[in-house]
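Visitor: what follows is a predicted structure for the sequence shown.
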Amino acid sequence: MKCRKCGGAAALELRRHNAAFCSPHFLEFFTKQVAEAIHKHHMFARDEPVLVAVSGGKDSLALWDVLINEGYRTAGLYLDLGIFDYSQESKARCERFATARGQTLYVERVAEAIGAPIPEVQRVTRRPTCSACGLSKRYLMNRAALARGFAVVATGHNLDDEAATLFGSVLHWQMDALSRQAPALPSTHAKLARRVKPLYRLSELETAAYAFLRKIDYIVEECPFAKGATSMAHKELLNRLEESSPGAKHNFLFGFLDKARVAFEHVEPVTLQECQACGQVTTGELCAFCKLADQVRRSGRSSRTARGIEERSAGAGDTSGQEDRERVMPGPPPRLVQAPSTTVSIE
Ligand code: Q46
Ligand code: ZN
Ligand code: ZN
């Protein structure tokens, strides 16, 4: 198999593009896809500082790497969720990455902001872990961006993540989620940073290949709470579909973005205001994060008192579904990554 660009020995085959590339030309292809995403969706300007949310996994570190290489002004943001060894390991990867490249990495501890690490939040609130975690991450990302003067936050969501999210939203016809499914979410309030996903054109296997070829030391283990999450099941389903029909995921996502998304754009407008407790943007008087933090506080108190006393916080879910949708980690890294001299089939 030969590289489409130079005719040399191909290192990677991209079935969905019906193409193969040698290592340098695959890296060039990858970088071009990121550039195309940034340009097409006006994600950020050349000289605009970008806060890159990094988890220590292949996608977010690949994103940070490509943006640094392309000369963007970036800083990293690591949210320490307090999830056992997983958080310690992933934080160490991010710190090493930043130090090796002379970049700034901001670290925010979820436990400091909410009163308990994520596993404890789940235990005391009985709320699904990924739901509380996703809510906290979105809140803290925005808060960190505002506090440090970044108007835009970039995340490492790839094509597989986006297709799985779309699949889940379609299954339940979640109109608000469908209206927000986009590679770039504009700011709709002075206190909301833009959120962009420059990797949405690249599959999980492609980001893994990029990370491998660039020798990025990323955390291979998944978050222990990713197992059994519904979006993992959706990813597996889509992977099976992709096996029999290469390009299915791409067509599903890109078809929606190009042809169908417009039909969901005019869902009921929401009035945004500032949370009375923290000042961040919300649809009610208190934002979902402050409600969750309050629930954690009260649950902690009541668990210290006599057992059996009714917990006032039970069932006190937040009302802003918009701010509180389950997301999970990008799936496990593919097992296909091999030495660059070997041809790897990437769908
Ligand atoms: S970190 Fe958090 Fe993911 Fe772990 S608890 Fe779930 S949402 S799976 S991106
Ligand atoms: Zn080549
Ligand atoms: Zn608040």
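Guide: Happy to help now that I have it. Ligands and ions are numbered 1, 2, ... in the order given.
Visitor: state the number of residues packed around Ile68.
Guide: Counted with other C-beta atoms under 10 Å, the neighbours of Ile68 add up to 18. Using the backbone N, CA and C atoms, a C-beta is placed for each residue, glycine as well.
Visitor: what's the answer for Ala190, then?
Guide: So Ala190, with other C-beta under 10 Å, has 9 neighbours.
Visitor: cool, Pro24 as well?
Guide: Using other C-beta under 10 Å, the number of residues around Pro24 comes to 15.
Visitor: can you check Ala11 too?
Guide: Here the count is done by other C-beta under 10 Å, and Ala11 has 23 residues near it.
Visitor: and the strands in the protein, which stretches?
Guide: Applying DSSP state E to the chain gives strands spanning 12-14, 19-21, 50-54, 74-80, 105-109, 152-154, 184-185, 194-196, 273-274, 281-282, 344-346.
Visitor: model confidence score at the residue nearest to Ser90 when sequence neighbours are not counted, please.
Guide: Residue nearest to Ser90 in three dimensions, not counting chain neighbours: Gly56, with 2.9 Å by C-beta to C-beta, 6 or more residues apart in numbering. We have a pLDDT of 98 for Gly56.
Visitor: cool, and Gly76?
Guide: For Gly76, the pLDDT comes out at 98.
Visitor: wait, it touches Val52, no?
Guide: Yes - taking C-beta atoms under 8 Å as the definition, Gly76 is a contact partner of Val52 at 5.2 Å.
Visitor: right, and the residue nearest to Ser90 touches Asp217 too?
Guide: No - in this structure Gly56 lies outside contact range of Asp217 using C-beta under 8 Å: 9.3 Å.
Visitor: tell me the residues of this protein that contact ligand 2?
Guide: Residues of the chain lying close to ligand 2 by C-beta under 5 Å from the ion are Cys3, Lys5, Cys6, Gly8, Cys22, His25.
Visitor: which residues touch the residue of the stretch 51-200 of the chain at minimum distance from ligand 3?
Guide: Per C-beta to the ion, Tyr139 is where the stretch 51-200 of the chain lies closest to ligand 3, at 7.8 Å. Tyr139 makes contact with Ala113, Gln280, Cys287, Ala288, Phe289, Glu323, according to C-beta atoms under 8 Å, 6 or more residues apart in numbering.
Visitor: adding neighbour count, distance to Tyr210 and pLDDT as columns, could you present those residues in CSV?
Guide: Below are the contacts of Tyr139 laid out as CSV (neighbours: other C-beta atoms under 10 Å; distance: C-beta to C-beta, whole Å; pLDDT from 0 to 100):
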residue, neighbour count, distance to Tyr210, pLDDT
Ala113, 17, 32, 95
Gln280, 20, 34, 96
Cys287, 25, 36, 96
Ala288, 25, 34, 95
Phe289, 27, 33, 96
Glu323, 19, 31, 32
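Visitor: nearest to ligand 3, of those?
Guide: Of all the contacts of Tyr139, ligand 3 sits closest to Cys287, with 3.4 Å by C-beta to the ion.
Visitor: pull the contacting residues for the residue lying closest to the closest one once chain neighbours are set aside.
Guide: Excluding the flanking residues, the one nearest Cys287 by C-beta to C-beta, 6+ apart is Cys275, at 3.8 Å. For Cys275, the contacting residues are Val281, Thr282, Glu285, Leu286, Cys287, Cys290, by C-beta under 8 Å, 6+ apart.
Visitor: and with 7 Å instead?
Guide: Thr282, Leu286, Cys287, Cys290 (C-beta atoms under 7 Å, 6 or more residues apart in numbering).
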